[in-house]
Every structure is written in C-alpha cells, then in structure tokens.
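I would like the atomic coordinates for the input below:
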Amino acid sequence: MPYGQRILAWSGSGFPADRFVAVGGVRLPEEPDLGWLQDRLNAAVRRHPVLGTGPVPLVNVDDVWASAAAASYPPGSPCLLWAYVNGSDLLLVAHHTVSDPWSMRILVGDVLAGDRTSARSYRHDVSVKHLKRMFRAVPFWKHTLVDVPPLTADGGSGMPETTRELRIRTDITAVQADEVGRAARSTAFVVLFAAFAQALQPLSAGRDLLIPVLTYGRDRSEWDTVGLYMNVLPVRLTTTDLPAVQHAFIAAYAQEIPFPVLLETLPTAGAAFARGGPALAQFEVIQVQADDSIEPLTIPAGLDLGGPILPVNGLAFWLELGSGGIYTVCLRYRNDLYRESVMRALIQRFVDRWGDLYAAAS
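The predicted structure is shown next:
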C-alpha cells in the first residue's frame with residue numbers, strides 16, 4: 001500500500017467517505033467542446049488506472065462549485081474522477097484515497113496537454129538507498145519527537161468536539177512569495193512557513209513548536225503519477241526567525257522518511273499524531289494550476305468537501321492558490337479548544353508577519 005494510503009489507514013480521515021475528495025479548478029483559455037473534453041478526461045483515466053475505469057462523469061452546470069458541493073462521491077464508484085464545466089470554468093473532483101493536490105495538477109495538465117508520455121503505475125517501493133537513509137534518520141527523529149509540546153487552548157466555544165473551517169482571501173501573491181524567497185536565499189514555501197510559525201508562537205506558551213508539515217512525498221520518478229503520495233514531515237522549532245525556520249526545515253527535510261515507516265520505527269511517536277493526541281498545528285501549501293498561463297479557480301467557503309489526512313487535534317492551516325495568483329488562508333480548527341475570534345487573530349498575525357517579511361525583502 002502506498003505511503004499516503006497507509007497514513008490514511010492509520011489515522012482515519014474523520015470525514016464522510018463520500019465527501020473525502022481532492023479538488024482542482026481552472027479557467028480554461030476558452031469554452032471547451034464537451035465531446036473534446038470528455039475524450040480528454042477519459043484518456044486521463046486510462047493513463048492513470050488508479051482512478052478506475054471511464055467514462056468520467058462530466059456535467060455541464062450553472063455553477064461548478066454549487067454542483068460539486070451538492071453531489072456525493074462514493075469510494076466504490078467505477079470511476080473516481082468527476083468533472084463539472086460551466087463555460088470556461090472546469091472543476092475536477094477525485095476521491096482523496098487515490099489522489100492528492102499534486103495529482104490534481106497532473107490531471108489538469110493531462111486535460112490541457114492531451115496525450116503525453118505514459119504515466120508510471122501507482123506504487124511505492126522501498127529501495128536499499130531508502131532503507132539506509134531511514135536507518136540513519138532514526139536518531140534525528142528520536143530527538144525531534146521527544147516530549148512533544150502541545151499548543152495552548154483557550155477553552156473554545158464550550159461545545160462538544162467538532163471542527164470548524166475559516167477561509168479568508170489574502171493579498172499575498174505567489175509572485176511576492178517567490179520574490180521574498182529569492183531575497184532570503186530560500187524558497188516561497190519556507191518564507192510562508194516562517195510567517196505561519198511566527199503567527200503561531202503566541203499559542204506555544206513559550207515552548208518549542210512542533211509543526212507537522214504536509215509534503216507531496218514524491219520522488220522525481222513519481223512526479224507524473226496520480227495517487228495519494230502525501231507525507232508528513234514534523235518540523236521542530238525553538239525560535240521562529242526566518243533563518244532558524246529555514247535551518248530547521250532543511251534539517252528535517254534532509255532526514256525525511258515515509259511517515260508510516262517513522263511510526264513503525266518509533267511506535268511511541270504515533271501518540272503525538274493519532275486522534276486524541278496533543279493539540280498541534282498542521283501546515284500545507286497547495287498549488288493546483290498546471291502552468292503559469294492557466295488561472296486557478298478560488299475554492300469558496302462552505303464547500304464541505306475534502307479533509308486532512310491527519311486528525312485535527314488542534315488546527316490545520318493551509319494556503320490555496322486561487323485566481324489572480326492570490327493565496328487564500330484555510331484554517332480548520334477544533335471548536336471545543338479554540339474560539340473563532342482566536343483563530344481569526346491567528347490568521348491576521350500570519351498576514352502581518354508575512355507583511356514584515358515582505359517589507360524586509362523589498
């Protein structure tokens with residue numbers, strides 16, 4: 001079983017199976033011919049057999065988001081890819097058990113580019129090289145995952161344990177993130193991660209931060225393969241200035257091993273991430289567009305589709321790149337631990353800390 005599916009099998013999504021999907025929407029250069037689009041979608045499924053067998057359900061609708069939200073997506077369907085089109089707006093929905101955000105990027109590219117080199121089959125072998133790296137990484141992860149520091153909670157709403165979601169469109173653009181990354185001799189991802197870590201610090205009660213970062217978990221040979229390849233990279237921070245965050249992320253990334261293997265090697269570490277574990281904050285950056293010439297659609301609030309592959313014991317914070325190359329902050333949090341006002345303040349601190357990093361790089 002591929003690593004992403006093993007993570008899901010271990011944790012359970014906590015999300016209804018027929019709503020547990022990955023989505024990717026784009027605005028096409030022009031309104032497509034529906035016959036042409038159907039052929040492209042069916043070819044994509046043939047290229048990626050993990051999606052089942054075609055034909056892909058394709059529906060011409062008045063509103064792609066409302067129609068997608070009103071539907072259900074049983075994991076036992078013959079085809080695990082669905083498509084909605086309205087004019088030049090195209091929305092793809094794939095079951096999350098066999099896809100991830102990277103997969104949606106591949107599928108959008110398949111539809112736009114047509115036939116390409118055949119994709120690799122969906123698998124995840126452990127080579128001797130990987131085994132050696134896993135063995136060398138054990139001391140690092142033992143040190144990283146000792147005495148996991150939980151976030152502080154504020155008592156929440158007083159309601160039973162549930163999760164709520166906020167989605168707030170920011171003024172942060174992918175172009176700006178790239179500029180700040182280059183100025184800092186880093187990457188856009190790391191500077192966005194640093195802004196989040198700085199925003200999160202008031203919830204750390206003066207302790208270290210341990211942030212599970214959701215990565216794409218792919219080797220270069222798997223870049224064109226559809227599947228659930230996501231990995232979890234725990235990053236421990238003692239301070240949150242940009243150089244320290246970059247150093248900590250690089251150190252963790254250099255020791256990255258598949259999360260299921262990490263849990264098998266260090267069984268006690270699983271308690272830090274399992275349902276009912278300490279309150280932690282997950283972080284992820286999602287970019288679905290196939291290339292810079294294609295405009296992604298912004299996912300609206302209240303869609304009620306998808307869900308994290310790790311349990312949300314505290315909060316999950318992710319950024320989605322939408323229309324105009326602008327990021328939307330998405331925050332799913334435990335309603336019994338945190339009040340909405342505290343979570344909105346966290347988002348505002350993130351925007352403010354990003355502004356500080358952008359100003360320093362300008």
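
which residues sit against the top helix by length along the chain?
In the chain, taking DSSP state H as the definition, the longest helix is helix 340-361. Here helix 340-361 makes contact (CB atoms under 8 Å, 6 or more residues apart in numbering) with 154, 157, 164, 166, 168, 170-172, 176, 179-180, 183-184, 191-192, 194-196, 198-200, 202-203, 242, 315, 317, 329, 331, 333. C-betas here are computed from N, CA, C, even on glycine.

so which of these belong to strands?
164, 166, 168, 170-172, 315, 317, 329, 331, 333 (DSSP state E).

what about the helices in the stretch 51-200 of the chain?
Chain-ordered helices for the stretch 51-200 of the chain, with DSSP state H, counting those that start in this stretch as the definition, fall at 64-70, 101-113, 128-144, 174-183, 188-200.

okay, now the unreliable bits of the chain?
The model of the chain has pLDDT under 70 over residues 1-2, 12-14, 114-134, 288-293.

distance of residue 295 relative to residue 170?
Shown here: residue 295 relative to residue 170, a distance of 17 Å by CB to CB, to the nearest Å.

in terms of neighbours, single out the busier of these two.
Neighbours per residue (other CB atoms under 10 Å) separate residue 295 from residue 170, with residue 295 holding more: 18 against 15.

list the contacts of the closest residue to that one other than its chain neighbours.
For residue 295, ignoring the flanking residues on the chain, the nearest one in space by CB to CB, 6 or more residues apart in numbering is residue 27 at 4.5 Å. Contact criterion CB under 8 Å, 6+ apart gives 88-90, 294-297, 323 as the residues in contact with residue 27.

before we move on, the earlier item: which among the contacts of helix 340-361 count as buried?
Among the contacts of helix 340-361, the ones that count as buried by 16 or more other CB atoms under 10 Å are 164, 166, 172, 176, 179-180, 184, 191-192, 194-196, 198-200, 203, 242, 315, 317, 329, 331, 333.

I figured residue 160 hits residue 334, correct?
No - the criterion here is CB atoms under 8 Å, and residue 160 misses it with residue 334 at 10.7 Å.

and these two? Which one has more around it.
residue 334 (21 against 8).

please name the bridge partners of that one.
residue 163 (DSSP bridges).

that one reaches residue 156, doesn't it?
Yes - at 6.8 Å, residue 334 and residue 156 qualify as touching, with contact defined as CB under 8 Å.

give me the common contacts of residue 160 and residue 334.
Taking CB under 8 Å, 6+ apart as the contact criterion, no residue touches both residue 160 and residue 334.

thinking again about what came up before, got the CA coordinates for the longest helix of the chain in CSV?
Only the C-alpha atoms of helix 340-361 are listed here, as CSV (Å, rounded to 0.1, in the frame of the first residue of the first chain):
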residue,chain,number,x,y,z
GLU,A,340,-13.4,31.7,16.3
SER,A,341,-12.0,35.1,17.4
VAL,A,342,-8.7,33.5,18.4
MET,A,343,-8.4,31.7,15.1
ARG,A,344,-9.2,34.9,13.2
ALA,A,345,-6.5,36.6,15.2
LEU,A,346,-4.1,33.8,14.2
ILE,A,347,-4.8,34.4,10.5
GLN,A,348,-4.3,38.2,11.0
ARG,A,349,-1.0,37.6,12.7
PHE,A,350,0.1,35.4,9.8
VAL,A,351,-0.8,38.2,7.3
ASP,A,352,1.0,40.7,9.5
ARG,A,353,4.1,38.6,9.9
TRP,A,354,4.1,38.0,6.1
GLY,A,355,4.0,41.7,5.6
ASP,A,356,7.0,42.1,7.8
LEU,A,357,9.0,39.6,5.8
TYR,A,358,7.9,41.2,2.5
ALA,A,359,8.9,44.6,3.7
ALA,A,360,12.3,43.4,4.9
ALA,A,361,12.9,41.8,1.4
